[in-house]
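Q: take a look and give me a structure for this.
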Amino acid sequence: MPNDEDSTRNSAPDLKILGDQVTFQPSGVEPGAAQDGDKEEALMKQMSRFRSEPLQFLREVSLYVSGTGWRAYDNVIGQPIFYSGFTEHMTNMVLSAPLLRQKISEMADMRLAAEEKEGWFRKGDKDSDMKRQQRRSVLEASLFQVAEKFTDRMICKFESKTFIRGAYYLCTQLLTRAYHQGIHVSSEDVLRLRKVAEKAEKAKQSIVFLPCHRSHVDYVSLQLICYRLGIALPVVVAGDNLNFPVVGSFLQHAGAMYIRRQFGDDMLYTTLVQTYIDTMLQEGYNLECFIEGGRSRTGKLLPPKFGILSFILDSLLSGRTKDVVIIPVSTQYDKVIETEGYVNELLGIPKKKENLADFLTGGTSVLSLQLGRVDVRFHEAWSLRGYIDEQLTKLWKGPSTPGVDMKEKIGPVVRQKLLRTMGYKVLSDINDVSVVMPTALIGTVLLTLRGRGVGKTELIRRVEWLTRRVRAKGGRVAHFGDAPISDIIDRGLDVLGKDLVGVVTGLAEPVYYAVDRFQLSFYRNMTIHLFISEALVSAAMYTRIKQGGGPDVQDITYSDLHDQVLFLSTLFRGEFIFSAEGLTISLDKTLKGLEHDEVIRLQRDEHGNVTKIGLSDKERRTGRENYDFYCFLIWPFIEASWLAAVSLMGLVPPPGVTDEIWLEVPKTQNFAQLLGKTLYHQGDLSYFEAVNKETLKNSYQRFQEEGIIQVVRSRDAKVPARLRLAPEWAPSRDPATGDIAAAGRLWDFTGKIASSRREGKNRRDGATAAVRRGHGRGGGQGRGGDGDADARGGGEPEEGGRGVEEEAQVGEQAEAVKRSLLAISICTGGVWKLGREPCVAVCTLSEY
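A: Down below sits the predicted model:
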């Protein structure tokens with residue numbers, strides 16, 4: 001376990017760079033604070049402004065224009081870039097590549113064969129062969145022209161050093177005004193990165209940077225860092241949605257390569273992308289692509305996307321490239337510029353298409369922002385060839401051979417496994433080096449405490465506790481020198497702003513509360529990966545604790561705990577990055593850790609095996625605050641999965657309908673979101689984050705993998721995918737009333753999720769819930785619950801309380817099912833008619 005006092009794990013950006021020389025500054029001081037006559041400098045700091053310092057401003061501009069010192073960007077570490085003719089040189093190499101030439105020839109042959117079948121050529125004609133050859137030449141020339149046009153739109157154009165100097169100055173001005181505390185990189189990372197770059201340059205190998213992606217600032221900050229350190233800028237893989245007038249050309253000359261979001265069946269375009277990546281890797285040019293594909297709208301890492309990784313892997317397996325260097329990168333922010341827009345998207349508001357007007361408007365507003373700082377951390381580099389050899393050795397008991405085409409030996413299954421393990425390794429590496437920012441600490445504390453708000457003293461205490469927990473779990477916390485924790489929290493609160501965190505003054509002490517919980521959850525999700533194991537164990541224990549009663553009643557057996565943790569881990573397989581050591585080992589480690597922290601107590605048999613788990617006496621005496629913290633982290637995700645499962649009840653066709661009904665996937669997910677908003681405002685859903693579009697989408701993906709829903713996709717990318725509830729999962733209906741029966745596989749599956757879900761308003765009124773189901777049964781109300789009604793859950797239930805508890809759970813689920821049908825009925829304009837009238841068949845499989 002890492003030492004909390006280990007300064008190397010949480011070192012300040014104590015470095016100073018002059019030209020190619022990197023020297024260390026005195027550590028442990030705040031930027032701007034003097035020590036022995038020197039000042040520590042962040043890697044990127046604010047530049048002078050014309051209004052306040054006109055002479056210094058003009059001096060800085062002249063340094064960039066003249067290219068003085070490191071600003072000249074001469075003698076960079078890496079292959080030559082930014083010279084006249086670079087674009088033409090790259091274009092020629094791509095278009096002359098054997099792989100592309102071969103594909104063009106194959107496509108011409110395929111078209112020629114099709115034309116022959118259509119009767120364009122007669123075999124008996126004496127000039128048939130000549131016509132075929134002429135036609136083939138025309139086809140190849142046409143395909144070559146198309147490839148040339150695609151290449152010009154795609155490749156980056158490192159042409160002018162004068163341009164990149166000006167671009168660097170402009171971007172630094174904008175970025176350091178928005179992030180007024182600058183861009184920070186640890187000195188250890190800087191020295192290691194430069195050594196890796198020097199080694200790669202000698203071997204003529206490419207460095208492939210694989211950053212996480214939370215903001216457009218990600219690629220700007222990495223480019224600025226490489227420029228500042230004198231390392232060859234990487235070519236950044238970008239979506240062609242950014243290639244709009246003016247801005248698109250600017251980014252392309254600064255390092256962006258544009259690719260389509262979807263390739264479809266375009267063999268020429270796919271081969272062209274492969275060829276361009278081959279060329280860059282063969283020539284040793286650096287590359288940057290985002291392992292998650294798009295930006296994370298939720299704050300946590302997204303599952304890996306394998307598009308560009310697949311091209312890189314193919315280049316190595318085919319022998320066209322010997323090796324590349326992989327460097328995972330973590331970029332963390334005090335505040336992300338786009339979070340407000342993310343909230344709108346996650347709530348179902350369509351994303352606006354990028355355009356120049358919005359870009360300029362956004363850029364102007366950015367100048368007045370005070371967003372804190374950016375912390376960038378680089379994982380230790382590793383060889384992709386070495387990684388492939390290691391994985392193949394495990395599979396085949398023998399490594400691959402460089403220069404030999406391994407594609408013939410590696411089938412699709414093994415190749416996909418290589419991609420998947422590599423993708424999740426990169427995500428794990430990013431998590432390992434990620435820094436937790438003060439805003440993430442504050443957001444996490446505010447969203448994991450009961451009550452309306454928290455006093456300043458308690459906020460400081462909980463942030464200090466969370467900081468210790470982060471470090472104990474091997475995480476890193478942003479370093480602010482000797483500044484007291486109260487000052488760091490004040491800075492974080494200023495950055496978050498009053499739109500996210502409110503304060504009530506005029507009291508004994510200021511009381512802070514979450515104003516926009518949905519947006520604040522973005523920052524909470526930056527810490528959840530560190531505690532996911534503890535959160536799952538706590539949620540599994542909650543299946544017993546929520547029932548109330550004494551401590552013995554709330555204990556859970558090891559087998560039941562293992563079963564529920566396995567269920568939840570499988571449910572969230574696409575949401576979180578889990579340990580590769582396996583469930584049993586991970587669970588045992590987590591239980592021992594929680595026991596050591598005195599959160600739980602473990603009962604063991606004579607052989608030392610854990611038999612029962614319960615809350616410790618100390619945890620109960622302290623108000624269950626540590627246990628609640630872990631529950632609050634995972635509850636919004638459990639509630640989102642429960643909501644998605646309940647929404648599937650609305651896919652059950654009305655009585656008497658036997659036709660196959662297929663609904664559009666996007667519309668069905670919109671139905672689930674509408675249902676969630678309805679349930680939240682009615683009080684049946686505890687967390688508004690549960691209506692998060694991305695989380696619901698992930699839940700539907702898991703349901704598809706489990707076979708609960710069946711999805712068909714059209715060959716036409718413009719036609720949305722369709723789904724239906726799998727027949728074996730569809731609940732039955734009461735033949736007399738037409739109501740959905742509270743039984744069956746889907747009902748049990750939903751109930752298993754609900755057992756770990758934080759109880760809603762109906763769970764505290766068992767009699768009301770029972771009446772809603774029409775049973776007319778009474779019963780006393782349990783006092784324990786999840787602890788809200790009874791001083792943290794220590795009370796004994798009244799006689800019959802547990803029976804009512806079970807009745808309440810069924811009643812709540814039944815009520816949600818009814819509302820699901822109602823919500824979908826409203827959203828579809830009466831298609832379902834509350835399940836009583838025949839529905840409209842919206843799709844057949846003939847078009848797929």
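
Q: what bits of the stretch 401-550 of the chain have low per-residue confidence?
A: Applying pLDDT under 70 to the stretch 401-550 of the chain flags residues 401-408, 481.

Q: at 80 instead, please
A: Along the stretch 401-550 of the chain, the parts satisfying pLDDT under 80 run over 401-410, 479-482.

Q: and the helices in it?
A: 412-433, 438-446, 456-472, 485-496, 517-524, 532-545 (DSSP state H, counting those that start in this stretch).

Q: just these: most buried one?
A: Using mean count of other CB atoms under 10 Å, the stretch among the helices of the stretch 401-550 of the chain with the greatest mean number of neighbours is helix 438-446 (a mean of 27). For the C-beta atoms, the positions are set from N, CA and C on the backbone; glycine is no exception.

Q: ok, residues contacting it?
A: 332-335, 372, 454, 459, 462-463, 466-467, 470, 477-478, 480, 488-489, 491-493, 495-496, 500-501, 512-514, 520-524, 526-527, 633 (CB atoms under 8 Å, 6 or more residues apart in numbering).

Q: cool, and stretch 131-150?
A: If you take CB under 8 Å, 6+ apart as the criterion, stretch 131-150 is touched by 91, 95, 100, 104-105, 107-109, 111-112, 115-116, 120-121, 125, 268-269, 272.

Q: please compute how far that stretch lies from its chain's middle.
A: Offset of stretch 131-150 from its chain centre (CA atoms, centre = their mean, to the nearest Å): 42 Å.

Q: and for stretch 636-650?
A: From the chain centre to the centre of stretch 636-650 is a distance of 20 Å (CA atoms, centre = their mean).

Q: now it: mean pLDDT?
A: In this model, stretch 636-650 has an average pLDDT of 92.

Q: show me just the buried residues among the contacts of stretch 131-150.
A: Taking 16 or more other CB atoms under 10 Å as the criterion, what is buried in these is 91, 95, 100, 104, 107, 108, 111, 112, 121, 268, 269, 272.

Q: determine which two of those are furthest apart.
A: Greatest spatial distance among the buried ones among the contacts of stretch 131-150 (CB to CB): 91 and 121, at 34.2 Å.

Q: re the thing from before, let's have the helices of the stretch 401-550 of the chain in CSV, adding distance to residue 507.
A: Putting these into CSV (distance: least, CB to CB, whole Å) gives the following:
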stretch, distance to residue 507
helix 412-433, 39
helix 438-446, 17
helix 456-472, 10
helix 485-496, 16
helix 517-524, 22
helix 532-545, 32
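
Q: out of the ones you listed, nearest to residue 177?
A: Closest approach to residue 177 among the helices of the stretch 401-550 of the chain is made by helix 485-496 (14.3 Å; CB to CB).

Q: helices or strands up against that closest one?
A: Judged by 3 or more CB pairs under 8 Å, 6 or more residues apart in numbering; DSSP states H and E, the packing partners of helix 485-496 are helix 438-446, helix 456-472.

Q: just send those helices back as TSV, with distance to residue 55 too.
A: Shown next, in TSV, are the helices and strands packed on helix 485-496 (distance: least, CB to CB, whole Å):
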stretch	distance to residue 55
helix 438-446	35
helix 456-472	43
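
Q: closest one to residue 185 among those helices?
A: Nearest to residue 185, of all the helices and strands packed on helix 485-496, is helix 438-446, at 17.9 Å by CB to CB.

Q: in this structure, which strand is the longest?
A: Criterion DSSP state E: the longest strand present in the chain is strand 324-333.

Q: strand partners of it, parallel vs antiparallel please.
A: Using DSSP bridges, strand 324-333 pairs in its sheet with strand 206-211 (parallel), strand 374-378 (antiparallel), strand 382-383 (antiparallel).

Q: that one to helix 412-433, inter-axis angle?
A: Interaxial angle, strand 324-333 versus helix 412-433 (axes from the mean of the first three to the mean of the last three CA atoms, to 10 degrees): 50 degrees.

Q: which elements pack onto the helix or strand in which residue 272 is found?
A: Using DSSP states H and E, residue 272 falls within helix 267-283. Packing contacts for helix 267-283, counted by 3+ CB pairs under 8 Å, 6+ apart, involve helix 86-95, helix 98-117, helix 128-154, strand 206-211, strand 287-288, helix 307-317.

Q: and the helices in the stretch 601-750 of the chain, which stretches?
A: Using DSSP H, counting those that start in this stretch, helices in the stretch 601-750 of the chain cover 617-621, 625-648, 665-681, 693-705, 745-754.

Q: so which of the ones you listed is the most packed in?
A: Most buried of the helices of the stretch 601-750 of the chain by mean neighbour count (mean count of other CB under 10 Å) is helix 625-648; its value is a mean of 25.

Q: could you give the angle of it to helix 693-705?
A: If you take the same axes, to 10 degrees, helix 625-648 sits at 70 degrees to helix 693-705.

Q: so where is the stretch 51-200 of the chain shaky, pLDDT-wise?
A: Where the stretch 51-200 of the chain drops to pLDDT under 80, the residues are 51-71, 116-129, 131.
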